[in-house]
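# structure for the following, please:
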Amino acid sequence: MQVRLASRAGFCFGVKRAIKLAEETVRERDGPVYCLGPLIHNPQVMQKLAAEGVQEIDRVEKAASGGKLIIRSHGVGPGVLDTARDRNLKVVDATCPFVGRAQSLARELASGGTPVVIVGDKRHPEVQGIVDWTGGQAVVVDGPEEARRLPVMEKMAVLAQTTQPLANFQAVVDVLQEKAGQLQVYNTICHATGARQQAALELAREVDVMVVVGGAASANTRKLAALCRQSGKPAYQVETARELDPVWFKGVKVAGLTAGASTPDWIIEEVERRMKELGEMTQLEDNMKENVIAAETVPEGENSGRNGAAGEEEARTPVNGAAAEEQEKAAAEEEAKEDAASPETGAKTAEPETPRETAAEPVEEMKEAVEVKSLRPGEIVKGVVVQVGPDEVMVDVGAKSEGVIPLRELSCYNVQSPEDVVKVGDEIEVAVVKSEDNEGRLILSKERADAERAWETLDRHMESGEPVEGVVREVVKGGLLVDVGLRAFLPASLVERGYVEDLSKYVGQSIQARVIELNRNRKKVILSRKAVLEEEAVRMRRETLENLQEGQVVRGVVRRLTSFGAFVDVGGVDGLLHVSEMAWYRVNHPSEVVSVGDELDVMVLKVDRENEKISLGLKQVLPNPWDNVEEKYPVGSVVRAKVVRLAPFGAFVQLEPGVEGLVHISHLADHHVATPDEVVQEGDEVDVKVLNVAPEEKRIRLSIREVNRAPREKENRRFKEQRHQHQHNDDNGGTVTIGEMVGDIFDK
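Below you'll find the model as predicted:
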């Protein structure tokens with residue numbers, strides 16, 4: 001029987017990291033070491049850690065003050081961390097980075113007021129921890145059926161337990177699309193989990209039976225077994241080789257083997273060896289049965305009449321005896337192995353009956369090992385960022401090991417910190433620089449992978465003419481350096497449609513530009529943003545001219561001023577706002593009303609599509625001051641006005657912007673006036689009396705004389721009355737003093 005191991009099986013990065021942290025913590029020998037719950041769901045590994053000094057506890061309160069508390073890979077909620085700090089425990093956080101990302105997302109979403117839905121097992125410690133980070137507000141569903149029972153919401157966000165099958169997560173997302181007006185989807189499934197599940201499913205379809213190795217309490221192992229059964233092949237979950245049943249391999253030619261994320265390599269190897277032993281035993285049993293059946297079916301006459309029959313019978317007996325002895329030997333070894341439970345004992349296996357089959361197994365194993373572990377320099381692979389340090393980034397490239405990206409290999413530009421470029425959970429492409437450095441590490445480069453992909457992209461865009469998107473990194477002599485996956489130069493003359501004084505304002509901006517020169521041998525890339533802007537301007541101008549209608553009010557930006565008006569950009573087309581259309585009053589220069597850069601609403605007065613000319617009006621969107629002028633300035637009222645200009649026949653005064661009236665020369669004073677400037681000057685503020693209002697003709701007749709006449713007539717009447725009184729006294733023989741005659745005239 002051939003045993004095939006899945007290309008992705010066993011410890012994931014998060015589990016490796018947790019075990020490494022636990023072992024390092026124990027080696028420090030600095031007080032007791034505790035683990036809140038099993039570090040990973042594997043009894044054998046936990047027994048090994050316990051022997052080294054890691055004490056498993058189920059509550060933080062059981063840890064002695066001053067000890068060290070390891071947070072398992074499933075993570076915990078903030079309340080547990082607070083309790084640990086209150087008890088003066090040093091926290092060693094072994095939370096899987098993928099779980100940590102899900103916790104951070106859940107916390108940010110919940111604090112922002114977005115309801116959170118988690119797809120997973122509500123009893124699983126990972127899910128319970130994520131729920132705690134939302135303040136207990138998150139809702140957990142295990143599949144689409146539970147999701148259908150959720151109420152309709154305006155918005156919600158959904159994320160997944162890191163070990164969820166992608167198909168189940170997608171099924172829930174499909175249901176929630178109908179439940180939320182706005183659904184934010186965050187696929188927090190561990191990349192390694194998805195790859196492991198896919199590899200197991202593919203292998204299950206190619207073999208006769210599947211064995212899944214992992215702890216009975218391991219959720220991801222149970223999901224692996226369930227996925228394998230979906231292929232239609234029998235699948236069995238075991239923790240150790242002792243649980244394998246020979247019956248499973250009766251008549252099996254090819255068996256598949258995979259393992260959960262918490263299963264160490266030594267257990268996988270032990271199970272693999274035992275599967276091969278059981279396969280050989282069942283093969284021997286089948287051969288024995290075939291030989292017995294063959295012997296019983298040979299006719300006696302043929303045996304007695306055939307030459308050398310006795311010799312054949314003698315030859316057959318040792319074979320059957322040898323087979324029986326071989327079977328007994330294998331059974332004895334199996335029993336001894338079970339008693340000792342030792343990998344060394346289990347390594348002693350019987351010789352397989354078919355040399356071709358045993359020769360094929362090492363070749364197949366070697367081939368699979370090469371496929372998994374051999375990454376050639378220059379090869380580009382996908383990976384997931386699992387750890388970000390101060391000067392390097394660790395990436396899981398799915399080769400049962402992690403690679404390292406040094407800071408200098410992150411970008412073609414100088415970066416101060418890896419966090420400026422990537423974060424934990426990002427899926428990126430990397431190029432293999434070295435399969436192994438002096439420390440045995442796989443050295444990777446994001447910068448080289450980006451450059452390789454960028455050249456391919458730039459070639460396509462150069463040929464198609466489509467613009468590329470990049471980020472301006474720095475100002476250099478003559479232009480800008482743009483990051484398009486590699487360094488590209490954008491000349492200053494091609495940044496805008498016009499001249500740009502200060503290029504520094506573009507640093508950090510994302511721009512679109514056209515590739516106008518490309519030379520890979522010289523590593524030369526020249527871009528033009530101006531070409532994209534001009535093309536966009538032509539498109540916008542055409543669309544604007546097609547859509548504009550006379551009488552339509554549009555938003556525009558003042559681009560430049562002239563003596564006769566202002567040019568306003570109304571969607572890629574400059575329309576003329578004539579000085580006469582700026583206000584309801586006389587405007588001497590456009591700068592009195594508008595400035596360059598002003599945004600304003602204007603009315604389209606005329607569109608000449610053939611010549612691409614547009615006439616605009618501003619006063620048409622402003623209130624007309626003549627609409628209720630009779631109410632504001634009723635006949636007989638006296639108002640304050642400003643002299644704005646003089647004419648031979650009188651003076652024009654402004655009652656308010658847009659409303660002017662005429663004071664005829666005959667109404668400037670109660671005496672003869674030769675020219676208006678004898679009485680008033682431009683800029684004077686005077687009181688005028690409204691004589692007549694004609695809104696239709698936009699005329700108002702005013703008078704200064706009538707305002708001044710009233711107090712003068714009153715004084716004259718008073719003087720006459722006093723004079724009459726004095727005459728009456730004289731007639732009566734009375735005496736009158738001079739003071740009595742003049743009264744208070746000198747007090748005025």
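
# just the strands in the stretch 551-700 of the chain please.
In the stretch 551-700 of the chain, the segments counted as strands under DSSP state E, counting those that start in this stretch are 553-562, 565-569, 574-578, 599-608, 613-617, 638-647, 650-656, 659-664, 685-694, 699-703.

# so which elements touch the fourth one?
On a contact count with 3 or more Cβ pairs under 8 Å, 6 or more residues apart in numbering; DSSP states H and E, strand 599-608 meets strand 553-562, strand 574-578, strand 613-617. Using the backbone N, CA and C atoms, a C-beta is placed for each residue, glycine as well.

# can I get those strands in TSV with mean pLDDT?
Formatted as TSV, these follow (pLDDT from 0 to 100):
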stretch	mean pLDDT
strand 553-562	91
strand 574-578	91
strand 613-617	91
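
# save the ones you listed as CSV, and put in mean neighbour count and distance to Val635 too.
Output for the helices and strands packed on strand 599-608, formatted as CSV (neighbours: other Cβ atoms under 10 Å; distance: least, Cβ to Cβ, whole Å):
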stretch, mean neighbour count, distance to Val635
strand 553-562, 16, 36
strand 574-578, 22, 35
strand 613-617, 21, 32
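
# let's have those in TSV, adding distance to Val424.
Putting the helices and strands packed on strand 599-608 into TSV (distance: least, Cβ to Cβ, whole Å) gives the following:
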stretch	distance to Val424
strand 553-562	44
strand 574-578	50
strand 613-617	54
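
# go through those strands and name the closest to Glu463.
Glu463 lies closest to strand 574-578 among these, at 34.7 Å (Cβ to Cβ).

# which elements pack onto that closest one?
Under the contact rule (3+ Cβ pairs under 8 Å, 6+ apart), strand 574-578 is packed against strand 553-562, strand 565-569, strand 599-608, strand 613-617.

# hmm, back to that, of the strands of the stretch 551-700 of the chain, which is nearest Pro32?
Using Cβ to Cβ, the nearest of those to Pro32 is strand 599-608, at 68.9 Å.

# buried stuff in that closest one?
600, 602-605, 607 (16 or more other Cβ atoms under 10 Å).

# in TSV: those residues, plus distance to Ser464.
Putting the buried residues of strand 599-608 into TSV (distance: Cβ to Cβ, whole Å) gives the following:
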residue	distance to Ser464
Leu600	40
Val602	39
Met603	42
Val604	37
Leu605	42
Val607	35
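
# okay, how far is it across stretch 676-683, tip to tip?
End-to-end distance of stretch 676-683: 13 Å, with Cα to Cα, to the nearest Å as the criterion.

# average pLDDT for it?
For stretch 676-683, mean pLDDT rounds to 91.

# neighbouring contacts of it?
Residues from elsewhere that reach stretch 676-683 (Cβ atoms under 8 Å, 6 or more residues apart in numbering): 642-648, 650-651, 663, 665, 668-669, 673, 686, 704.

# just to revisit the earlier point, tell me the one of the buried residues of strand 599-608 nearest Ile516?
Comparing the buried residues of strand 599-608 against Ile516 with Cβ to Cβ places Val607 closest, at 35.1 Å.

# mind listing what the closest residue to the closest one other than its chain neighbours touches?
In space, not counting the residues next to it along the chain, Val607 is nearest to Leu548; the distance is 5.2 Å by Cβ to Cβ, 6 or more residues apart in numbering. Taking Cβ under 8 Å, 6+ apart as the contact definition, Leu548 lies against 554, 570, 573, 604, 607, 614.

# ok, back up a step: could I get the helices and strands packed on strand 574-578 as a markdown table with distance to Ala200?
As requested, those are exported to a markdown table (distance: least, Cβ to Cβ, whole Å):
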| stretch | distance to Ala200 |
| --- | --- |
| strand 553-562 | 59 |
| strand 565-569 | 61 |
| strand 599-608 | 61 |
| strand 613-617 | 67 |
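
# per-domain residue ranges of the chain.
98-189, 372-449, 472-534, 548-621, 635-748 (automatic domain parsing).

# tally up the residues packed near Val127, please.
27 (other Cβ atoms under 10 Å).

# return the distance of it relative to Pro590.
67 Å (Cβ to Cβ, to the nearest Å).

# then Val271?
Separation of Val271 from Pro590 (Cβ to Cβ) stands at 87 Å.

# who has more neighbours, the two?
Applying other Cβ under 10 Å to Val271 and Pro590 shows that Val271 carries more neighbours, namely 26 against 23.

# in a helix, that one, correct?
Yes. Under DSSP: H, G, I helix; E, B strand; the rest coil, Val271 sits within a helix.

# let me see the contact set for the closest residue in space to it that isn't next to it in sequence.
Nearest non-adjacent residue to Val271, counting by Cβ to Cβ, 6+ apart: Ala241, 4.7 Å away. Remark: with contacts taken as Cβ under 8 Å, 6+ apart, Ala241 is in contact with 267, 270-271, 273-275, 346.

# tell me the two of those that are most distant?
Going by Cβ to Cβ, the pair spanning these furthest: Ile267 and Met275, at 12.6 Å.

# give the bridge partners for Val388, please.
Taking DSSP bridges as the rule, Val388 bridges to Val393.

# give me the number of residues near it?
Counted with other Cβ under 10 Å, Val388 comes out at 18.

# just Asp174 next, same as before
Asp174, neighbours per other Cβ under 10 Å, totals 11.

# likewise for Val707?
Val707 has 16 neighbours, counted by other Cβ under 10 Å.

# what about the helices in the stretch 51-200 of the chain?
Here the stretch 51-200 of the chain has its helices, by DSSP state H, counting those that start in this stretch, at 78-86, 97-111, 125-133, 144-148, 166-177, 191-204.

# from the contact counts, what lies against the second one?
Helix 97-111 sits against helix 13-27, strand 116-119, helix 125-133, strand 153-160, strand 380-388, with contacts defined as 3+ Cβ pairs under 8 Å, 6+ apart.

# and for the first one?
The helices and strands touching helix 78-86, judged by 3+ Cβ pairs under 8 Å, 6+ apart, are strand 68-71, strand 90-93, helix 125-133.

# CA atoms only: put that helix into CSV for me.
Output in CSV follows, covering the C-alpha atoms of helix 78-86 (Å, rounded to 0.1, in the frame of the first residue of the first chain):
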residue,chain,number,x,y,z
PRO,A,78,-9.0,42.1,27.1
GLY,A,79,-10.5,41.2,30.4
VAL,A,80,-8.1,38.3,30.8
LEU,A,81,-5.1,40.5,30.1
ASP,A,82,-6.2,43.1,32.6
THR,A,83,-6.6,40.4,35.3
ALA,A,84,-3.2,39.0,34.6
ARG,A,85,-1.6,42.5,34.9
ASP,A,86,-3.5,43.1,38.2
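
# which parts of it are buried?
So for helix 78-86, counting by 16+ other Cβ under 10 Å, buried means 80-81, 83-84.

# cool, the fifth one as well?
If you call a residue buried by 16+ other Cβ under 10 Å, then helix 166-177 has these buried ones: 168-169, 171-173, 175-176.
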